[in-house]
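# this one's sequence-less:
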């Protein structure tokens, strides 16, 4: 297939060489396609986001596309800049009335070539998974599944926060349902899988979304309301 060109969304300033923290909500922004502050990367063969109603909403076109028979051109934003290898990302879920197979995704150690670690969470809490995206030059559905974590404790609710952290090659997922409950462990996994391109040593945090080919293509019902990223 002909590979799409990765896109840096008009960075308007050079970021510091040792980034340690970034946080944002998307309140008050209406952009299609979205650029936020311009310091996001859309990996090659993936799609971006639009910003509306205070949320980042995926622009993935569900169904076979970009040479993939399965339509895995997930909506992905990776934060521009040089980040410490040990990092975490926290997303706040905006859940309205989703249907079909929809996911929100936390990304760590992401790069412009489409390699990254991903934790995905289904809108109906039927599954959640840690995977490793193997990068461009392969079919879009070339993911290495590292761990099936099942549903999260307490189910998936509007306003929940999900945290994916990587230290060394240990990935750990927590959920915070708010109301003073604090962080609850969902699961963890150590990446020792040396097949394909092997473990990912560096990159930047980000977030994503996915929807399968059934039903309405609009991803607004299961989106991202806010994001925090930090080096640890």
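That came through fine. Just so you know, these numbers come straight off a predicted model, no measurement behind them. Numbers count the residues shown, from 1 in each chain.
# Tell me the secondary structure at residue 195.
coil (DSSP: H, G, I helix; E, B strand; the rest coil).
# Kindly report the same for the one 3 residues further on.
For residue 198, the reduced secondary structure class is coil; criterion used: three-state DSSP.
# i'd like the first residue to be 43 from this point on
All right, first residue 43 from here; so that's residue 240.
# tally of neighbours for it?
Residues lying near residue 240 (other C-beta atoms under 10 Å) number 13. No exception for glycine: its C-beta is placed from N, CA and C like everyone else's.
# Local confidence estimate at it?
Predicted confidence (pLDDT) at residue 240: the value is 94.
# Distance check, it against residue 270.
Remark: distance between residue 240 and residue 270 (C-beta to C-beta, to the nearest Å) = 29 Å.
# Below-threshold pLDDT in the protein: ranges please.
43-60, 104-113, 178-183, 255-259 (pLDDT under 70).
# measure the residue located most distally from the centre of it to residue 235 for me?
For the chain, the residue at maximal distance from the C-alpha centroid (C-alpha atoms, centre = their mean) is residue 222, at 25.5 Å. Using C-beta to C-beta, residue 222 is found at 38 Å from residue 235.
# What does the residue farthest from the centre of the chain show for phi and psi?
Main-chain torsions, residue 222, degrees, to the nearest 10: phi 80, psi 10.
# do the same with residue 229
Torsion angles, degrees, to the nearest 10, at residue 229: phi 170, psi 170.
# ok, now residue 94?
Torsion angles, degrees, to the nearest 10, at residue 94: phi -160, psi 150.
# How about it, nearest residue that isn't a chain neighbour?
Ranked by C-beta to C-beta, 6 or more residues apart in numbering and with sequence neighbours excluded, the top spatial neighbour of residue 94 is residue 72, at 5.4 Å.
# Determine the number of other residues adjacent to that neighbour.
Residue 72: 11 neighbours (other C-beta under 10 Å).
# Please apply the same query to the one 5 residues further on.
Residues near residue 77, counting by other C-beta under 10 Å, number 18.
# For the residue farthest from the centre of the chain, list the residues it contacts.
Listed by C-beta atoms under 8 Å, 6 or more residues apart in numbering, residue 222 has no contact partners.
# do the same with the one 5 residues further on
Neighbouring residues of residue 227 by C-beta under 8 Å, 6+ apart: 214-216.
# Going by distance to residue 166, which of those wins?
The closest of the contacts of residue 227 to residue 166 turns out to be residue 215 (C-beta to C-beta; 17.6 Å).
# Would you mind giving both backbone torsions of the residue nearest to the closest one when sequence neighbours are not counted?
Residue nearest to residue 215 in three dimensions, not counting chain neighbours: residue 228, with 4.1 Å by C-beta to C-beta, 6+ apart. For residue 228, the backbone dihedrals are phi -100, psi -40 (criterion: degrees, to the nearest 10).
# so how far is residue 167 from residue 228?
For residue 228 relative to residue 167 (C-beta to C-beta), the value is 11 Å.
# do the same with residue 212
Counting by C-beta to C-beta - residue 212 and residue 167 are separated by 24 Å.
# Neighbour count: those two, which is higher?
The neighbour comparison of residue 212 against residue 167 (other C-beta under 10 Å) goes to residue 167, with 15 against 12.
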